[in-house]
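> with the input below, show me the fold.
(one chain, ligands or ions: 1)
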Amino acid sequence: MDSILVTGNGPLNGQIPIAGAKNACLTLMPATLLSEEPLTLTNAPRLSDIRTMTALLQSLGAEVTSLQGGKVLAMSSHDINNHKADYEIVRKMRASILVLGPMLARDGHAVVSLPGGCAIGARPVDLHLKALEALGAELELKEGYVHAKAPGGLKGGTFEFPIVSVGATENALMAATLAKGTTVLKNAAREPEIVDLAQCLRRMGAQIDGEGTSTITIQGVDRLGGATHPVVTDRIELGTYMLAPAFCGGRVELLGGKRSLLEAFCQKLEQTGVTIEETEKGLLVSRAEGVRVQAVDVTTEPFPGFPTDLQAQMMALLCTAEGTSVLEEKIFENRFMHAPELIRMGAKIDVHGGHATVTGVDRLKGAPVMATDLRASVSLILAGLAAEGETVVSRVYHLDRGYERVEEKLSACGAKIERIAST
Ligand code: EPZ
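As a prediction, this is how the structure comes out:
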């Protein structure tokens with residue numbers, strides 16, 4: 001397993017290009033199952049999770065061709081000859097559950113493994129299943145698999161999500177495009193990735209209103225056509241790299257960054273004393289020498305609130321803030337596993353249930369640390385950028401799931417970071 005060696009260095013200066021969103025691409029790709037016509041995605045990120053989704057779609061009979069070094073995915077699912085998503089793939093990537101709704105909507109049957117939990121929580125899929133049942137799906141759980149049927153096809157219905165769920169909204173939205181009649185999804189997720197999916201489905205011929213609000217209305221159609229769609233910018237990668245100059249000082253321009261994708265995060269970052277300017281090419285983030293990061297309190301919420309996927313990275317920044325910060329994680333039940341690793345670097349963090357209290361110290365000290373999940377791993381790299389000495393982050397396969405060429409992007413701005421291939 002590769003590791004990443006980071007050595008604390010001076011301010012960062014330069015530009016970082018932001019890729020297409022992993023979490024948008026992982027729901028756009030299954031949308032190809034809804035149509036016999038080709039669906040082409042541009043601005044696709046080059047990540048291991050995308051390769052896993054590619055393998056899953058191919059196992060179902062879809063053709064997925066990666067072009068231009070992986071930035072373009074040309075897909076066609078003219079003949080779905082296998083309707084079973086196997087545990088071996090699903091257990092590696094929870095987003096695999098997103099093939100359930102499209103397969104059910106298109107062919108009236110699907111067998112998909114339950115994904116199982118992961119490091120940050122139990123990650124149930126009950127809301128995915130309840131939403132599909134509201135569209136007439138008949139579901140049976142057998143030996144760890146969901147056996148889904150829709151004899152005569154799905155029918156439009158109304159479903160109110162008891163809690164906001166990004167994935168369940170995506171599954172229901174895709175399924176509803178081919179359901180007979182009208183579907184209304186209430187308390188739907190509002191994330192930019194949902195808006196991106198709706199825009200892609202509309203290009204394919206779907207009739208959707210209200211995406212980006214809590215109520216999405218879909219008029220089912222008989223069939224969907226093909227489309228070419230650009231994957232929206234990755235707001236989590238954007239926020240992650242916006243933090244790099246906050247840690248180290250300097251000025252970094254995030255190419256393709258749009259403030260509208262993460263307004264709540266930007267406001268919090270500005271409260272710490274960091275400057276954010278909108279430029280023609282993206283967002284310019286800077287922290288002047290001698291300006292110390294100030295403590296702020298953070299609570300994670302569904303969009304448009306502060307994203308849970310940026311909580312670990314923000315906690316790492318606040319470890320050297322002036323003052324005490326309280327972070328409240330309201331989305332997942334176990335998303336503070338980066339805390340013990342940051343404590344190994346000298347951070348002062350007290351975790352009680354869903355709250356973490358961070359008392360700022362002057363500077364962290366480099367240490368060998370271990371990544372436990374995707375966002376925790378990148379928070380440790382960010383911490384290492386400004387720490388004294390060397391930090392070795394192991395198990396970076398987590399990192400490669402969601403961040404393309406992290407060492408290249410940060411080195412280009414002056415960071416001392418390199419990948420150590422496992423022997
Ligand atoms: C998506 O996960 C993202 N993943 C996650 O990003 C992100 O953290 C999460 O949304 C929240 O924004 C992808 O898009 C591939 P949820 P998802 O359904 O859809 C509970 C990353 O680092 N819940 O919105 O699985 C659930 O346990 C990843 O890129 C149910 O109870 O998240 C959680 O507490 C991590 N029943 C809450 O809802 C369900 O059926 C929100 O989960 C579904 C979810």
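
> all contacts plus neighbour counts: C-alpha atoms, from now on.
OK.

> now do the helices in the stretch 151-300 of the chain.
Counting by DSSP state H, counting those that start in this stretch, the stretch 151-300 of the chain has helices at residues 166-176, 192-203, 235-248, 263-271.

> for the ones you listed, which one sits closest to the ligand?
Among those, the nearest to the ligand by C-alpha to the nearest ligand atom is helix 166-176 (3.3 Å).

> quick check: residue 251 touching residue 284?
Yes. Using C-alpha atoms under 8 Å, residue 251 makes contact with residue 284 at a distance of 6.8 Å.

> work out the gap between the helix or strand hosting residue 52 and the centre of the chain.
Here residue 52 sits within helix 48-60, counting by DSSP states H and E. From the chain centre to the centre of helix 48-60 is a distance of 17 Å (C-alpha atoms, centre = their mean, to the nearest Å).

> can you check stretch 321-331 too?
21 Å.

> list the buried ones in it?
321, 322, 324, 325, 326, 327, 328, 329, 331 (16 or more other C-alpha atoms under 10 Å).

> near the ligand at all, that stretch?
Yes. Stretch 321-331 reaches the ligand (C-alpha under 6 Å from any ligand atom) through residue 331.

> go ahead and name everything in contact with that stretch.
By C-alpha atoms under 8 Å, 6 or more residues apart in numbering, the residues outside stretch 321-331 that reach it are 272, 292-302, 308, 311, 315, 318, 335, 354-362.

> per-residue confidence for the nearest residue to residue 248 once chain neighbours are set aside?
Nearest residue to residue 248, sequence neighbours excluded (C-alpha to C-alpha, 6 or more residues apart in numbering): residue 11, at 4.8 Å. On pLDDT, residue 11 comes in at 96.

> up against the ligand, what does the protein have?
So the chain meets the ligand at 23, 95, 123-128, 165-168, 308-309, 331-332, 374-375 (C-alpha under 6 Å from any ligand atom).

> just send the helices of the stretch 151-300 of the chain back as CSV, with mean neighbour count and mean pLDDT too.
As requested, the helices of the stretch 151-300 of the chain are exported to CSV (neighbours: other C-alpha atoms under 10 Å; pLDDT from 0 to 100):
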stretch, mean neighbour count, mean pLDDT
helix 166-176, 26, 98
helix 192-203, 22, 98
helix 235-248, 26, 98
helix 263-271, 18, 98
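
> return the residues in contact with residue 29.
41, 53, 54, 75.

> my read: the second one touches residue 27, true?
No. Here residue 53 does not reach residue 27: they are 9.5 Å apart, not a contact under C-alpha under 8 Å.

> check which helix or strand the nearest residue to residue 54 once chain neighbours are set aside maps to.
Excluding the flanking residues, the one nearest residue 54 by C-alpha to C-alpha, 6+ apart is residue 64, at 6.4 Å. In the assignment (DSSP H and E), residue 64 maps to strand 63-67.

> C-terminal to that strand, what's the next element?
Criterion used, DSSP H and E; the element after strand 63-67 is strand 72-76.

> and that next one with helix 48-60, angle?
Angular relation of strand 72-76 and helix 48-60 on a 0 to 180 degree scale: 20 degrees, by axes from the mean of the first three to the mean of the last three C-alpha atoms, to 10 degrees.

> ok, and what's touching strand 72-76?
Outside strand 72-76, the residues that reach it (C-alpha under 8 Å, 6+ apart) are 29, 32-33, 36-44, 62-67.

> kindly report the same for stretch 5-18.
233-234, 237-238, 241, 244-245, 248-257, 366, 381, 384-393, 409-410, 412-420.
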